[in-house]
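okay, here's the prediction I keep looking at, along with the sequence it came from:
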Amino acid sequence: MAPGSRRAWRAAAVLLPPAVAGAHIGPAATWLPDVRRLLFPGLSGTGHRRHIALTFDDGPDPASTPRFLDALDALGVRATFFVLGENVARHPALAVETVRRGHELAVHGWTHERPWWPSPARDIAGVARTAGTLYDVTGQQPRWYRPPYGILTSGRWLAARRAGLRTVLWSAWGRDWTAEATPESVRALVAADLRGGGTVLLHDSDRLAAPGCWRSALGALPGLVDGCREAGLTVGPLREHGPAWEPPPDPHRPAHPARAHEGAGSR
């Protein structure tokens, strides 16, 4: 976690009553890779040992996402895109095109906010609104949720449960959002942590990162996929990551998430 993020969490912990701060911030410890890998392998994205789940965050972005769709077509690979609801609402045709090409859309939230203060109602409304928008636009119910910045709080966990979504973070990433990232650095960072059954996090947009940084992820894709295949691993979306990846049943989940967000605000 970046130094500024740590300072903000400490400030929130001081200003909030201890019990409230602990309940809200406690799950954020899963942001740490060792904690996830050892204690929460499902949250880390651990699936079938011969499969790699390829995932992208922050789209759809008309300036960059189509380039990823074309590159994935050329590689014969499908992936899971964790999208922001506000972006889907702005670019519904791109969301439809992503699904038409065989990819999977998942929930990344309505906006990309850091959860410094507890707001379960906002979390529930934002996740439900995004899931409902995806259903409205594509006719498919999303199955997965990844919180913005990978920061899981009690409110976000509850929001995912209420929407019938399974929360998935990652086991390897390329730090492709930085201005210093290159295709070579992204490949090296992913390879350092990636094992069979792992989940890779990349980004198909630079709207929340260094301008043009998506090119480093795009350029790394062929080498990443070739490396996995040379190791005898298949690459695909989370839906192909193994039988254990069925979301748990939730009695609160509406039959049609599109109806759950009616009248719900994004904040």
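Arrived safely, thanks for sending.

so what's the residue count around residue 185?
By other Cβ atoms under 10 Å, 16 other residues sit near residue 185. No exception for glycine: its C-beta is placed from N, CA and C like everyone else's.

apologies, that question was intended for residue 164.
Neighbour tally, residue 164, other Cβ under 10 Å: 23.

do the one 4 residues further on as well
A count of neighbours around residue 168, defined by other Cβ under 10 Å, yields 27.

who touches stretch 223-238?
Stretch 223-238 has contacts (Cβ atoms under 8 Å, 6 or more residues apart in numbering) with 45, 47, 50-55, 75, 77-80, 103-104, 106, 143-144, 168, 183, 186-187, 190-191, 194, 196, 199-200, 240, 245.

give me the subset of the residues you listed lying in helices.
75, 183, 186-187, 190-191 (DSSP state H).

and those as CSV, adding neighbour count and pLDDT?
Formatted as CSV, these follow (neighbours: other Cβ atoms under 10 Å; pLDDT from 0 to 100):
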residue, neighbour count, pLDDT
75, 17, 98
183, 19, 98
186, 27, 98
187, 21, 97
190, 27, 97
191, 16, 95
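
residue contacts, residue 59?
Neighbour list for residue 59: 65, 81, 83-84, 87, 94, 204-205 [criterion: Cβ under 8 Å, 6+ apart].

could I get those residues as TSV with neighbour count, distance to residue 150 and pLDDT?
Shown next, in TSV, are those (neighbours: other Cβ atoms under 10 Å; distance: Cβ to Cβ, whole Å; pLDDT from 0 to 100):
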residue	neighbour count	distance to residue 150	pLDDT
65	24	20	98
81	25	16	98
83	31	16	98
84	25	14	98
87	25	18	98
94	19	24	98
204	28	16	98
205	26	16	97
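
nearest to residue 124, of these?
Here the nearest of the contacts of residue 59 to residue 124, counting by Cβ to Cβ, is residue 84; it sits at 16.7 Å.

for residue 200, name its beta-bridge partners.
Under DSSP bridges, the beta-bridge partners of residue 200 are residue 54, residue 172.

so where's the protein shaky on pLDDT?
Residues of the chain meeting the criterion pLDDT under 70: 1-42, 115-118, 243-267.

can you give me the helices for it?
With DSSP H as the criterion, the chain has helices at 3-15, 18-25, 33-39, 65-75, 85-90, 92-100, 120-138, 154-162, 183-193, 214-230, 257-260.

could I get those as CSV with distance to residue 174?
Output for those, formatted as CSV (distance: least, Cβ to Cβ, whole Å):
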stretch, distance to residue 174
helix 3-15, 19
helix 18-25, 27
helix 33-39, 14
helix 65-75, 14
helix 85-90, 21
helix 92-100, 20
helix 120-138, 25
helix 154-162, 24
helix 183-193, 3
helix 214-230, 6
helix 257-260, 31
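
now residue 199: how far from residue 211?
27 Å (Cβ to Cβ, to the nearest Å).

those two: who's more crowded?
residue 199 (25 against 8).

contacting residues for the nearest residue to that one once chain neighbours are set aside?
The shortest distance from residue 199 to any non-neighbouring residue, by Cβ to Cβ, 6 or more residues apart in numbering, is to residue 45 (2.6 Å). Contact analysis of residue 45 by Cβ under 8 Å, 6+ apart lists 53, 55, 168-171, 198-199, 238, 241.
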